[in-house]
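**Q** attaching a predicted model along with its sequence, questions to come.
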Amino acid sequence: MKRREFITLLGGAAAVASPLGARGQQGRKVPRIGVLWPTSSEAEEEPFIRSLRIGLQELGYVESRTIALENRFASRRYDRLRFRLISSSL
C-alpha cells in the first residue's frame, strides 16, 4: 500500500468514527431586556408592563423565545435606580 492511499484510508476512518452531534449548531442566546420600575411590585406597574409586552409583540418579539424581559423594582427608593449601560448587538 502506498503512502497516499494509507493516509486517505486513515482520514476516511477518522471521519466515520467522529460523532455527528459534535458538528451541530449551538443554541442561540436570547437577548435580554432589563426594566427598572420605580414602584415596589409588578401589580402597581401592570398597565405599563402589559403595554411594553404588547409593543414588543407588535415588533415581532415573542417573550421567552426571541427576547427575555426582566423587571426590577426600586420600591420608590430612587437611589436604587442607578444603572450601568451594557452595550450589546441584537
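**A** Done, it's in.
**Q** what sits against Gln57?
**A** Glu63 (C-beta atoms under 8 Å, 6 or more residues apart in numbering). (Each C-beta comes from the backbone N, C-alpha and C, glycine too.)
**Q** how much space between it and Pro38?
**A** 24 Å (C-beta to C-beta, to the nearest Å).
**Q** ok, now Phe48?
**A** 11 Å.
**Q** where do the strands of the chain begin and end?
**A** For the chain, strands defined by DSSP state E occupy the ranges 32-37, 68-73.
**Q** will you turn these into TSV that also has mean neighbour count?
**A** Listed next are the strands of the chain as TSV, based on neighbours: other C-beta atoms under 10 Å:
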stretch	mean neighbour count
strand 32-37	13
strand 68-73	13
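**Q** just put these in JSON lines and tack on distance to Arg53.
**A** Output for the strands of the chain, formatted as JSON lines (distance: least, C-beta to C-beta, whole Å):
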{"stretch": "strand 32-37", "distance to Arg53": "11"}
{"stretch": "strand 68-73", "distance to Arg53": "7"}
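**Q** need those strands in TSV (columns: mean pLDDT).
**A** Shown next, in TSV, are these (pLDDT from 0 to 100):
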stretch	mean pLDDT
strand 32-37	86
strand 68-73	87
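**Q** ok, which of the ones you listed comes nearest Val62?
**A** Set against Val62 and scored by C-beta to C-beta, the strands of the chain come closest in strand 68-73, at 10.6 Å.
**Q** that closest one vs strand 32-37, what angle?
**A** Here strand 68-73 runs at an angle of 20 degrees relative to strand 32-37 (axes from the mean of the first three to the mean of the last three C-alpha atoms, to 10 degrees).
**Q** ok, strand 68-73: who's next to it in the sheet?
**A** Here strand 68-73 has these sheet partners by DSSP bridges: strand 32-37 (parallel).
**Q** what's the neighbour count on the residue lying closest to Gly60 once chain neighbours are set aside?
**A** Of all residues not flanking Gly60 in the chain, Thr66 sits nearest, at 7.5 Å (C-beta to C-beta, 6 or more residues apart in numbering). Thr66 has 14 neighbours, counted by other C-beta atoms under 10 Å.
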